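Peer 1: Okay, sequence plus prediction incoming.
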Amino acid sequence: MGKKQLGVIFGSRSCEREVAIISALQLMRYADREKYDVIPVYIDEHGTWFTGEKLTELKTYQPFRGEQDGVRKVFLDMTSGSGALLTVKKTGGLFEKTKLEIAARVDVFVVVMHGLNGEDGSLQGMLELANLPYTSPGIASSALGMDKILMKQFFLGADLPVLPGVSFTRTEFEKDPEGVIAKAAGELGYPVFVKPANLGSSIGVSRADDAESLRDSLELAFEYDRRVLVEKGLDHPIELNCSVLGYDDDVQASPIEMPITNDQFLDFSEKYLASGGSKGMASLHRVLPAPIEDELRDEIQDLSVRIFRMMDCKGVVRIDYMFDKASNQIYITEINTIPGSLAFYLWESAGISYRNLIDRMVENAEKARDDRNAANYAFTSDILKNAAVGAKGAKGSKGSKGGAKFGA
């Protein structure tokens, strides 16, 4: 049996593109080359796709120069199940022509995207249209996990513990900034945290302790998104993170980590620049496993598995929490459907190597694709057979005299 062609797709038009590059380079380094031919697929800031062995080297992105020796521009063949990455090749001669060639063919895509245009369900939808297995959660769970406002509404509707929050649009703030500030302060008090709805890695997130800093925080967040969430802050909470791995009924929670921060919350620099940026989330200072009571550990792990199943996730996610010691209450902060560094460090603590974690993700991706293909798509009706097509077009059940009859 030959090796699987493992397409590692990363980058894209996102503020978190560089974070995704680091996560992808880590993953490609750990993938078992006896099982997989690793095919890097990088999407640059303009949305152009590239492949080539040089994309496995960090220096290729410092800076990235597009097509070069060892890097080819490609696009995905959307024919169901094809998996072909096509490239346009120019032929020489007196009359220059172009022809399509297959640069590579992918069996399974490992999705290493952080942020919009990749982690938000858009890429997942394209891969489902192409009928290709991919490792991240699906369209709905990806979209829900990306949007902090919708995510909070989902958790509230499921009666899960979240901090109070209010949301605003850029238009609301531009029309009446004083009214927005008054509403947020009146409903939540201070301190509050202000977050762009569709960004991760703590980009654009800041804390506000009074009206003046709230105005500054809102202005910053609206630079990154037209919708912003303002969330009630806690005094000196404990941050706790738990990863979940699996698909369908085979799901497990990781040990819990406690990130160590010198500030009031983990910002971008602490998450990704602690070791020069080369190790991603793996470089973060943490206590693992977190020094918490067994009862709290079990509560967080059980809640994490419950969220994973409710959102019909697959692959690896990380769910972040705040624990308020004063009230002895745990709050869900967010779900990261494609966590930084794929949370491999949490699974290594559980005895699952990164190499084995990749294998598990690939298995989950293939099983989910097989489950989709097992659904019945053969239902037919008599709409077309009974439709009368004339100069004015087809008449459906309302336009034709006899009406269309539905039948299997």
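Peer 2: Great, that's in hand.
Peer 1: Write down the beta-bridge partners of residue 332, one by one.
Peer 2: residue 162, residue 321 (DSSP bridges).
Peer 1: Look up the pLDDT of it for me, please.
Peer 2: pLDDT, residue 332: 98.
Peer 1: who are the neighbours in contact with it?
Peer 2: Contact partners of residue 332, counting by CB atoms under 8 Å, 6 or more residues apart in numbering, are 155, 160, 161, 162, 303, 307, 319, 320, 321. For glycine as for every other residue, the C-beta is placed from the backbone atoms N, C-alpha and C.
Peer 1: So which of those wins on neighbours?
Peer 2: Among those, residue 319 has the most neighbours (other CB atoms under 10 Å), with 26 neighbours.
Peer 1: which residues does that residue contact?
Peer 2: By CB under 8 Å, 6+ apart, residue 319 lies in contact with 241, 242, 243, 244, 303, 304, 307, 308, 332, 334, 335, 336.
Peer 1: from the residues you listed, which two are the most distant?
Peer 2: Pairwise distances across the contacts of residue 319 (CB to CB) peak at 15.2 Å, for the pair 303 and 336.
Peer 1: Please parse this structure into its domains.
Peer 2: When the chain is parsed with automatic domain parsing, its domains come out as 4-134, 165-232, 237-367.
Peer 1: pLDDT (mean, whole number) over the second one?
Peer 2: It stands for domain 165-232. The average pLDDT within domain 165-232 is 94.
Peer 1: Figure out the length between the terminal residues of that domain.
Peer 2: 6 Å (CA to CA, to the nearest Å).
Peer 1: Run the chain-centre distance for that domain.
Peer 2: 23 Å (CA atoms, centre = their mean, to the nearest Å).
Peer 1: got JSON lines for the contacts of residue 319, with distance to residue 365 and secondary structure too?
Peer 2: Formatted as JSON lines, the contacts of residue 319 follow (distance: CB to CB, whole Å; DSSP: H, G, I helix; E, B strand; the rest coil):
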{"residue": "241", "distance to residue 365": "23", "secondary structure": "strand"}
{"residue": "242", "distance to residue 365": "22", "secondary structure": "strand"}
{"residue": "243", "distance to residue 365": "17", "secondary structure": "strand"}
{"residue": "244", "distance to residue 365": "16", "secondary structure": "strand"}
{"residue": "303", "distance to residue 365": "25", "secondary structure": "helix"}
{"residue": "304", "distance to residue 365": "21", "secondary structure": "helix"}
{"residue": "307", "distance to residue 365": "20", "secondary structure": "helix"}
{"residue": "308", "distance to residue 365": "16", "secondary structure": "helix"}
{"residue": "332", "distance to residue 365": "26", "secondary structure": "strand"}
{"residue": "334", "distance to residue 365": "23", "secondary structure": "strand"}
{"residue": "335", "distance to residue 365": "19", "secondary structure": "strand"}
{"residue": "336", "distance to residue 365": "18", "secondary structure": "strand"}
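Peer 1: Just give me the residue closest to the centre of this protein.
Peer 2: residue 119 (2.7 Å; CA atoms, centre = their mean).
Peer 1: Touching, that residue and residue 146? I think so.
Peer 2: Yes: the pair residue 119 / residue 146 is scored as a contact, 5.8 Å apart, by CB atoms under 8 Å.
Peer 1: Nearest to residue 380 among the domains of the chain would be which one?
Peer 2: domain 4-134 (18.8 Å).
Peer 1: returning to that earlier point: need the contacts of residue 332 in TSV with distance to residue 232 and pLDDT, can you?
Peer 2: Below are these laid out as TSV (distance: CB to CB, whole Å; pLDDT from 0 to 100):
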residue	distance to residue 232	pLDDT
155	14	98
160	16	97
161	13	97
162	10	97
303	20	98
307	20	98
319	19	98
320	16	97
321	15	97
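Peer 1: hang on, the earlier thing: just say helix, strand or coil for the residue nearest to the centre of the chain.
Peer 2: Secondary structure, DSSP: H, G, I helix; E, B strand; the rest coil: residue 119 is coil.
Peer 1: OK, contacts around it?
Peer 2: 14, 111, 113, 136, 142, 145, 146, 200, 337, 338.
Peer 1: which one is the third one nearest to, not counting chain neighbours?
Peer 2: Read that as residue 113. Of all residues not flanking residue 113 in the chain, residue 119 sits nearest, at 4.5 Å (CB to CB, 6 or more residues apart in numbering).
Peer 1: Which parts of the stretch 301-408 of the chain are helices?
Peer 2: For the stretch 301-408 of the chain, the helices defined by DSSP state H, counting those that start in this stretch cover 344-349, 354-374, 383-386.
Peer 1: What of the chain?
Peer 2: For the chain, helices defined by DSSP state H occupy the ranges 17-30, 122-129, 139-146, 148-157, 170-175, 177-188, 211-224, 268-272, 294-310, 344-349, 354-374, 383-386.
Peer 1: between these, which one is nearest to residue 7?
Peer 2: helix 122-129 (9.9 Å).
Peer 1: could you give the angle of the closest one to helix 139-146?
Peer 2: If you take axes from the mean of the first three to the mean of the last three CA atoms, to 10 degrees, helix 122-129 sits at 170 degrees to helix 139-146.
Peer 1: Give me the contacts around helix 122-129.
Peer 2: Taking CB under 8 Å, 6+ apart as the rule, helix 122-129 contacts 9, 12, 76, 78, 109, 111, 113, 116-117, 134, 136-139, 142, 372.
Peer 1: what about it, distance to the chain center?
Peer 2: Put simply, helix 122-129 sits 12 Å off its chain's centre (CA atoms, centre = their mean).
Peer 1: Tell me what angle it forms with helix 354-374.
Peer 2: Using the same axes, to 10 degrees, helix 122-129 lies at 60 degrees relative to helix 354-374.
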